[in-house]
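Student: Sequence and predicted structure are below.
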Amino acid sequence: MADIPGNIIKACIEGNRSGQEELYRLVAPKMYGVCLQYAGNADDAKDIMQDGFIKVFSKIDQYTGKGSFEGWIRRILVNTALEKIRSRVNLQSIDEYDNANVEMFDQYVLESMTAEEISQLIQNLSPKYRLVFNLYALEGFSHKDISEKLGISEGTSKSNLSRARSILQQKVVELFSERERKDE
């Protein structure tokens, strides 16, 4: 998607309702996907999106023009999601977990999965694992950044990411095994 035309941004800064509607129409589908990555369900994603766009429209005059406008919106929505999730999820360190039983699988397994299947597996992670996984794997945050944003230690961030990866690997293996049984 190309970045948003300047006349739409200007209209939004001026509080023009039709400009706001046009901006929303242009970015809502993609931003809903971002919200859904963090939310536990569609209703929570809609709440995050609504609250996020209220912030976008109230802070739009703070956009400096540096970087992608769409990226600026995404950052606001991710931060809105973090605020909502942080208030509901207790992120705790995982001191011990058994990673040895996770089966290794080759690239073929992942290549045979659809984006929807992968997204659904991530969506099914517990909120604390999904949050850290999304911030690290999808948003590119470092463990230091995650720890600062969520008020947890870097070790907790690392352990939650590791556990999320283990769970995802297990689920991928289960999904692939299920497919093989159906094909027999």
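Tutor: Yep, that arrived. Numbers count the residues shown, from 1 in each chain.

Student: Could you chop this protein up by domain?
Tutor: 6-88, 107-183 (automatic domain parsing).

Student: For the closest residue to Asn124 other than its chain neighbours, pull up the helix or strand it's in.
Tutor: Spatial nearest neighbour of Asn124, chain neighbours left out: Lys171 (7.3 Å); criterion: Cβ to Cβ, 6 or more residues apart in numbering. Bear in mind the C-beta positions are built from the backbone N, C-alpha and C, glycine included. Using DSSP states H and E, Lys171 sits in helix 154-183.

Student: Okay, buried residues for that helix please.
Tutor: 156-169, 171-172, 175-176 (16 or more other Cβ atoms under 10 Å).

Student: What lies in contact with whatever helix or strand Ile73 lives in?
Tutor: Assigned by DSSP H and E, Ile73 belongs to helix 69-88. For helix 69-88, contacts defined as Cβ atoms under 8 Å, 6 or more residues apart in numbering pick out 1, 3-4, 9, 27, 30-31, 34-35, 38-39, 44, 47-49, 51-53, 55-56, 59, 63, 127, 131, 135, 139, 149-151.

Student: now, which of the residues you listed lie within strands?
Tutor: Cross-referencing the contacts of helix 69-88 against strands under DSSP state E gives no overlap.

Student: ok, of those residues, which come out buried?
Tutor: Neighbour-count burial (16+ other Cβ under 10 Å) applied to these gives 4, 9, 27, 31, 34-35, 38-39, 44, 47-49, 51-53, 56, 63, 127, 131, 135, 139, 149-150.

Student: What ranges does the chain have for its helices?
Tutor: Taking DSSP state H as the test, the helices found in the chain are 6-13, 17-38, 42-59, 69-88, 107-111, 115-123, 127-133, 143-150, 154-183.

Student: now those as CSV including mean pLDDT?
Tutor: Shown next, in CSV, are those (pLDDT from 0 to 100):
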stretch, mean pLDDT
helix 6-13, 90
helix 17-38, 91
helix 42-59, 92
helix 69-88, 86
helix 107-111, 57
helix 115-123, 80
helix 127-133, 89
helix 143-150, 90
helix 154-183, 84
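
Student: Sounds good, over and out.
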